[in-house]
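**Student:** Return a 3D structure for these sequence lines:
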Amino acid sequence: MKKSVARAERKDKGVIFVFSIIALFIVALVGFNLENVTAGAIRSTKTTVDVSPKFLNAGEYVTVTVNPGKYCVNSVVGFYDDSGLRRATARTEIGSPKKVCQQFSVKYKTSSDWKPDEEESGVFLVKVFDYGKEDYITTAFTINE
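**Tutor:** Down below sits the predicted model:
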């Protein structure tokens, strides 16, 4: 009887040891992949493009903040007038020369030539190409004087 009790205790210790190793392996696996899991959740959102300030005078600085979605964006930020003419481009130094997958900001000094005439609206568009949407994400700002 003592032998069977001793065998049962050894068997229980062996089972506990195996489950401990498995639990340790799972904890390590989750710990090493936590960054990939959370980055995927963050990048599942849509791309957003924000511009600040929304109203400014010609020759002043405008800051464009881009938060890329899951499939990233092009590194070039385009500035267009309301007729669709591209007036300027700016590029971030973050990421590869073409594809950027992390948030970035570009500060650009508008040209004094961008001052609208009386018949012009003064509305300018900022465009960034989104690889997931396969189209441009656009937002606007206005030059008053």
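**Student:** low-scoring stretches of the chain, by residue?
**Tutor:** Applying pLDDT under 70 to the chain picks out residues 1-13, 15, 18-19, 23-25, 28-44.
**Student:** quick one, strands of it?
**Tutor:** Secondary structure of the chain (DSSP state E): strands at 48-52, 55-56, 61-67, 73-81, 86-91, 99-100, 104-109, 123-130, 135-143.
**Student:** Could I get these in CSV, plus columns for distance to residue 16?
**Tutor:** Every residue, glycine included, has its C-beta placed from N, CA and C. Output for those, formatted as CSV (distance: least, CB to CB, whole Å):
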stretch, distance to residue 16
strand 48-52, 51
strand 55-56, 68
strand 61-67, 48
strand 73-81, 51
strand 86-91, 58
strand 99-100, 49
strand 104-109, 51
strand 123-130, 52
strand 135-143, 55
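**Student:** Any chance of CSV for the ones you listed, columns distance to residue 27 and mean neighbour count?
**Tutor:** Shown next, in CSV, are the strands of the chain (distance: least, CB to CB, whole Å; neighbours: other CB atoms under 10 Å):
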stretch, distance to residue 27, mean neighbour count
strand 48-52, 35, 16
strand 55-56, 52, 15
strand 61-67, 32, 18
strand 73-81, 36, 21
strand 86-91, 42, 14
strand 99-100, 34, 18
strand 104-109, 35, 16
strand 123-130, 37, 20
strand 135-143, 40, 16
